[in-house]
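Peer 1: coords please:
(2 chains)
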2 protein chains.
Amino acid sequence: MITGSELVRGERTDLNGPYLARQLLALGFEPARISIVGDRSDELEDALRHGIEADLCVVSGGLGPTHDDRTIELLARAAGVGLRLDEEIERQIEAISRGFAERTRRAYADFAPGVRKQATLPVGAFVVGIAGTAPGVLLPLPGDRVAVALPGPPSELQRLWPLALGHAALQPLLGRAQPPGRRVLRFFGVGESVVARAFDEAGGDGDGVEVTICARDFEIHVDLVVEPGAEARADAIEQALLAANAAHLFARDDRPIEEIVLALCRERGLTLVTAESCTGGLVGGRLTGVPGSSDVYLGGIVAYANTVKIAQLGVSEATLAAHGSVSANTAAAMAEGARTRLGADVAVAVTGVAGPGGGTPAKPVGLVHFKAVGPHGSLALEWTVETDRETVRRRAASSALHLLRRLLSQS
Amino acid sequence: MITGSELVRGERTDLNGPYLARQLLALGFEPARISIVGDRSDELEDALRHGIEADLCVVSGGLGPTHDDRTIELLARAAGVGLRLDEEIERQIEAISRGFAERTRRAYADFAPGVRKQATLPVGAFVVGIAGTAPGVLLPLPGDRVAVALPGPPSELQRLWPLALGHAALQPLLGRAQPPGRRVLRFFGVGESVVARAFDEAGGDGDGVEVTICARDFEIHVDLVVEPGAEARADAIEQALLAANAAHLFARDDRPIEEIVLALCRERGLTLVTAESCTGGLVGGRLTGVPGSSDVYLGGIVAYANTVKIAQLGVSEATLAAHGSVSANTAAAMAEGARTRLGADVAVAVTGVAGPGGGTPAKPVGLVHFKAVGPHGSLALEWTVETDRETVRRRAASSALHLLRRLLSQS
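Peer 2: Prediction:
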């Protein structure tokens, strides 16, 4: 359960729900529902009453010092228990608040009512830790159920969550949950319906194996959640999916493609650079997002204007005049230029029409050319996907990285 | 209401809930709850029964042709109406499926049961359109309530949503909703608590004005939702927020900072380039995400390795030896080098220690140096925020763009 008016109004996308769901799934819980409510008491109380019927209910948000923060009060009401002031917790929160008051040169008296409020807990609850001035609260409920209340800001929630997990009061529930096995297959260059069909023909979900098939920018992500005892069924499903599509499998773990590309370069002792036009730096941004990328990735040229393609990458004016900036010839010249001028072993270039403007009948919106060059060969690619600017760019960045993977895997 | 096992299990973050919430808020609806459930019938049916108690319930997902797709069946059950086969819709979906069957060289007989299922609708429902092979469905309910069922894939939902909005059966409800006024204030370089305090001192929420204050990477986003008649109250709140923080206001609309920077350049007839180290292309990626950026943004150098800083940006070995790659001197040399070599009027450079490795006592993780240079002056900035790699990089990209804004606003 997630509370926050900016969340239910769509101004911000909830991150806590997916984070907690992934955490719990790995522990053997089955996330049944993620509810996002605003600050209205009636909605929050109703959702809490419903939520605490589950074995485990985790609520985020509404633990602050202001009158809008109702989570603890309404959790106690839904659980049918009273509230009590915890003087030790009050002392701890007061110490934090006094420090804050000094640094911001405000009177502590301004903070005192909020401190008292945040130290008021449901009878029977435990405090697992404090983030900011809000305590993370764990409340055991009848029938071995548990409710956990954590702060709304994702970094604070993620800091307190492991403390809740480690708390004695949650161990019985954790002990009953059986962490499932998890298997991951990642395909590229095959349609989602083809993978879905192979899965259907293998018998589909059931018998202790739940399978999710998700398409993401030309990658097909297959995730198997395997109950203890269902390993043979999971093996059979994996075989079926691979029998049809082995050539398209690129990973059996969930490392992102940029991490796989860097590893392939590192294993071969190769350095890598990028030459980007329409993607504007997205490929370099993804590669540098991986810690330790600096031993492989040297940098790149974002050649958005043709003058920069000419001056920085050595693309000839003749090539641009004859074939245009979005062409196989220009992509090849960009890739070679980057490799040579930046002194690397491998390079990938991307040039395309991201849209919405700039398309012509010969070079429509969504047309993208790619070239990957290395010490043992090169690969060229071209596709056209008529879609919005953001999707063209995002898929182009993904395709560039996969082209590098294919090039490196060849040698 | 959002259905999808990969969503409730946190493997994918829901986009439909926030999208619909924003759409509805703008029309004068108050989003009360976003519920995310998996494919389990009992959870879905329970959530539907609860959801259709609202004036408007929008469900996404579960409209496909397979046995797992239960939304229509359970919506009808929750609404207490029967199901009927719509032969005209069946014909339309069949035509689409036959085309797909031919292109993928499969027998249409494989698709026929799914087609029949997707053409089976609740009694009293209207079809607003078809995306893929799934019809978007609008079901009027007693008491002027309405339920709308749309496909799960966000692009399909966003294509059918305007058709639902335009449908005659939704007009009574839309007519009763009063679109609120919306005001937006964007601050930079001031703490969230300072803005929150000014808001509290102005009286806080209420009297027809709901205010959300959100901190995002050093930007403070203040959104006012103003009920008709409450404009004077909204004015008072705005005045109060501006009285305290006018110097930090950078926008009164929700254009992203990269769009604002490009507009400032365009107004002044200036071209722009980037020189990035730790951000690896993120700044260029954000600028090129804005359609029409090509008349201002020429490109950039991603100088991840020092060799590239030297060769492509002209940073001297002496500077690197004396001050290090993460220093005000190097940032300045990178910015000037980019501006000169790429032939632009304005340039921004970023160099920092993103972490988690690479920090030293003198140059810790989270230290970032910035330099913005233009025809009428320059600005330098430095900060240290000890946080994770992704946050350091994301905030560095945002700070670089804001530094450009400040530089351009000076002239």
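
Peer 1: Around chain B, pick out the residues from the stretch 201-350 of chain A.
Peer 2: With C-beta under 8 Å from any C-beta of the partner chain as the criterion, the stretch 201-350 of chain A comes near chain B at residues A:205, A:210, A:212, A:214, A:221, A:223, A:225, A:274, A:276, A:278-285, A:287-289, A:291-294, A:297-305, A:307-308, A:311-312, A:341-343. Heads up, the C-betas are built off the backbone N, CA and C, glycines and all.

Peer 1: Mind giving me the PyMOL command for buried ones among those residues?
Peer 2: Buried members of those, defined by 16 or more other C-beta atoms under 10 Å in any protein chain shown, are picked up in PyMOL with:
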select buried, chain A and resi 205+210+212+221+223+225+274+276+278+279+280+281+282+283+284+285+287+288+289+293+294+297+298+299+300+301+302+303+304+305+308+311+312+341+342
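
Peer 1: The residues of the stretch 201-350 of chain A next to chain B in strands, which ones?
Peer 2: Secondary structure of those is defined by DSSP state E; positions in strands are A:210, A:212, A:214, A:221, A:223, A:225, A:274, A:276, A:297-303.

Peer 1: Could you report the neighbour count for the nearest residue to residue A:317 once chain neighbours are set aside?
Peer 2: Excluding the flanking residues, the one nearest residue A:317 by C-beta to C-beta, 6 or more residues apart in numbering or on different chains is residue A:310, at 6.3 Å. Applying the criterion other C-beta atoms under 10 Å in any protein chain shown, we find 17 residues in the vicinity of residue A:310.

Peer 1: thought residue A:310 was touching residue A:319?
Peer 2: No - taking contact to mean C-beta atoms under 8 Å, the distance of 9.4 Å between residue A:310 and residue A:319 leaves them out of contact.

Peer 1: who does the helix or strand hosting residue A:395 touch, helix- and strand-wise?
Peer 2: Under the assignment given by DSSP states H and E, the secondary-structure element containing residue A:395 is helix A:389-410. Using 3 or more C-beta pairs under 8 Å, 6 or more residues apart in numbering or on different chains; DSSP states H and E as the contact criterion, the secondary-structure elements in contact with helix A:389-410 are helix A:257-267, strand A:272-276, helix A:282-287, strand A:346-352, strand A:367-374, strand A:377-384.

Peer 1: and the longest one, what's its mean pLDDT?
Peer 2: By that I understand helix A:257-267. Rounded to a whole number, the mean pLDDT of helix A:257-267 is 98.

Peer 1: So which bits of it are buried?
Peer 2: In terms of neighbour count (16+ other C-beta under 10 Å), helix A:257-267 has its buried residues at A:257, A:258, A:259, A:260, A:261, A:262, A:263, A:264, A:265.

Peer 1: what's the closest of the residues you listed to chain B?
Peer 2: Lowest distance from chain B to those (C-beta to the nearest C-beta) belongs to residue A:258, with 10.5 Å.

Peer 1: wait, the closest one sits on residue A:291?
Peer 2: No - with contact taken as C-beta under 8 Å, residue A:258 and residue A:291 are classed as non-touching, separated by 11.5 Å.

Peer 1: contacting residues around stretch A:228-238?
Peer 2: When contacts are taken as C-beta atoms under 8 Å, 6 or more residues apart in numbering or on different chains, the neighbours of stretch A:228-238 outside the stretch itself are A:178, A:180-181, A:183, A:185, A:199, A:202-203, A:207-209, A:211, A:224, A:226.

Peer 1: Lovely, talk soon.
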